[in-house]
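**Student:** The sequence isn't on hand, but the structure is:
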DNA sequence: GGTGGGATTAGCT
DNA sequence: GCTAATCCCACCA
């Protein structure tokens, strides 16, 4: 059946903005002992190596951001605010230091497990934020630096082509003028805080 | 419906 | 010491 293939390295090696846009509609899959969890990617942000002070890689390689300089298709997972994780996919050539932050998913499978891991009864609140989706999908620091090309955490291809909208990125203090956030139009699972009010009014 | 503050930790400066 | 690509809850309207 078409559309069930794992995205290959070449997909992630491209221009980071293009990858961020093309990831919308693709399916993040985590195979766990208790069962598989899957969600359709509906919101992303691009982080660039040049002229982007908001990018973790902008001040060179450190222990924290090391995975961001890895090969295309590597996972970059970091701890934020001392208690949450955010999940990125590394893009371009090894050593460049660019990535796409996955900001929201539409839950597809393993929803009962997501409820358990999140501790919420509302489906809309399972994966509509970068730290929420990590908790729902069971993604944590152990996934930092692993390959999404051949592990139990992968991204599947899909023929879906959602209508794409863009905005500034969320939660950053620098680089706010750049339109590097992308999301599927009219999808209820895009992260709550901004989307409609500020930019679609 | 909207807002303001607290939680909590590793790594940078 | 201070901050961070966030989330949640209490409180006000």
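**Tutor:** On my side now, so go ahead. Keep in mind the model is a prediction, meaning the values are calculated, not measured.

**Student:** Hmm, residue A:90 and residue A:13 touching each other?
**Tutor:** No: taking contact to mean C-beta atoms under 8 Å, the distance of 9.7 Å between residue A:13 and residue A:90 leaves them out of contact. For glycine as for every other residue, the C-beta is placed from the backbone atoms N, C-alpha and C.

**Student:** between those two, who's got more neighbours?
**Tutor:** Each of residue A:13 and residue A:90 has its neighbours counted (other C-beta atoms under 10 Å); residue A:90 has more, 28 against 17.

**Student:** Now for residue A:13 and residue A:90: what residues contact both?
**Tutor:** Listed as contacting both residue A:13 and residue A:90 by C-beta atoms under 8 Å, 6 or more residues apart in numbering are residue A:72.

**Student:** just the helices in chain A please.
**Tutor:** In chain A, the helices defined using DSSP state H lie at A:9-12, A:16-22, A:111-118, A:130-137, A:195-199.

**Student:** and the first one, how far out from the chain's middle?
**Tutor:** Between the mean C-alpha point of helix A:9-12 and the mean C-alpha point of its chain there is a distance of 15 Å (C-alpha atoms, centre = their mean, to the nearest Å).

**Student:** Name the residues of it that are buried.
**Tutor:** Residues A:11-12 are the ones in helix A:9-12 that count as buried (16 or more other C-beta atoms under 10 Å).
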